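Colleague: return a 3D structure for these sequence lines:
(one chain, ligands or ions: 2)
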Amino acid sequence: MSGNLYVVSGPSGAGKGTLLAQALKGRDDVWLSVSATTRSAREGEQNGREYYFLTPEEFQRLIAEDGLLEWAFVHGNYYGTLKDEVLKRRAEGSDIILEIEPQGAFQVQAKHPEALLIFIEPPSLGELEERLRKRGSETDEQIAARLRHAELEMALRDRYTVVIVNDDLETAAQALKTVFEGSMRGGSMRL
Ligand code: ADP
Ligand code: 5GP
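Modeller: Ligands and ions are numbered 1, 2, ... in the order given. The predicted model follows:
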């Protein structure tokens with residue numbers, strides 16, 4: 001039986017990576033998709049682990065070959081989901097999680113209406129800025145751009161089936177875990 005398809009979005013710095021790591025501990029039946037991107041690797045990131053880091057030419061070729069399930073141009077770079085890998089793992093029965101921004105999320109929903117869309121919301125824009133500054137992986141200019149972009153993303157959260165506010169980390173991680181365990185299906189909900 002093919003696995004469930006989950007899409008997780010939310011502003012940069014909202015805590016998607018942190019929550020996914022917590023919620024997926026011990027779940028080896030769930031596969032977190034590795035996207036392709038043209039942005040450069042951050043310190044500690046490895047090609048093939050966090051992302052496949054591609055040149056713009058390589059990315060364009062993937063688009064031309066219809067090799068992407070969805071893609072978007074954000075923060076000056078291309079990001080996309082490799083179609084073959086996702087479809088193969090899903091056919092093998094793994095649940096699949098795509099951590100992607102909203103334009104991509106809605107492309108996936110159009111192709112796979114059964115996908116469950118989950119939005120991770122920061123408690124406030126002020127707290128989001130604080131988290132981005134503390135993470136220290138972007139310049140001030142990049143942080144400002146991400147905060148502007150965050151407001152646009154937040155305006156789309158009502159189109160997601162599940163919205164999780166990442167205030168207390170443990171509570172939010174538990175909520176996400178419960179969603180992935182499949183015990184929260186049907187209807188939209190805010191947790
Ligand atoms: P994203 O993947 O959405 O860009 P991260 O998971 O990198 O976000 O989280 C951004 C920063 O906020 C990280 O430094 C992380 O440790 C911190 N963080 C995540 N969740 C919380 C939380 N609930 N409370 C406080 N800090 C958090
Ligand atoms: P970052 O550069 O911080 O890793 O990611 C920037 C944004 O790109 C995040 O909102 C992230 O969810 C999104 N993103 C990462 N991979 C993909 C992808 O494959 N497709 C789309 N559409 N967005 C992605």
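
Colleague: from here on, just use CA atoms for contacts and neighbour counts.
Modeller: OK.

Colleague: what strand or helix carries Tyr78?
Modeller: Element membership of Tyr78, judged by DSSP states H and E, is strand 77-82.

Colleague: elements contacting that strand?
Modeller: strand 35-37, strand 68-74 (3 or more C-alpha pairs under 8 Å, 6 or more residues apart in numbering; DSSP states H and E).

Colleague: so which of the ones you listed is the most packed in?
Modeller: Mean neighbours per residue, mean count of other C-alpha atoms under 10 Å, is largest over those for strand 35-37, with a mean of 23.

Colleague: quickly check: it near ligand 1 or not.
Modeller: No: remark: strand 35-37 sits outside contact range of ligand 1, by C-alpha under 6 Å from any ligand atom, the gap being at least 13.6 Å.

Colleague: how about the nearest residue to Tyr160 once chain neighbours are set aside, phi and psi?
Modeller: Once flanking residues are discounted, Tyr160 sits nearest to Leu117: 5.1 Å by C-alpha to C-alpha, 6 or more residues apart in numbering. When quoted as degrees, to the nearest 10, the phi and psi of Leu117 stand at phi -100, psi 120.

Colleague: still on that earlier bit, and the strand holding Tyr78 with ligand 2, contact?
Modeller: Yes: residues of strand 77-82 contacting ligand 2 under C-alpha under 6 Å from any ligand atom: 79-81.

Colleague: on the three-state scheme, Glu85 is what?
Modeller: Secondary structure, DSSP: H, G, I helix; E, B strand; the rest coil: Glu85 is helix.

Colleague: just give me the closest of the residues of strand 77-82 next to ligand 2 to ligand 1.
Modeller: Tyr79 (14.3 Å; C-alpha to the nearest ligand atom).

Colleague: reformat the residues of strand 77-82 next to ligand 2 as TSV; add distance to ligand 1, pLDDT and neighbour count.
Modeller: Below are the residues of strand 77-82 next to ligand 2 laid out as TSV (distance: C-alpha to the nearest ligand atom, whole Å; pLDDT from 0 to 100; neighbours: other C-alpha atoms under 10 Å):
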residue	distance to ligand 1	pLDDT	neighbour count
Tyr79	14	98	26
Gly80	16	98	25
Thr81	17	98	25
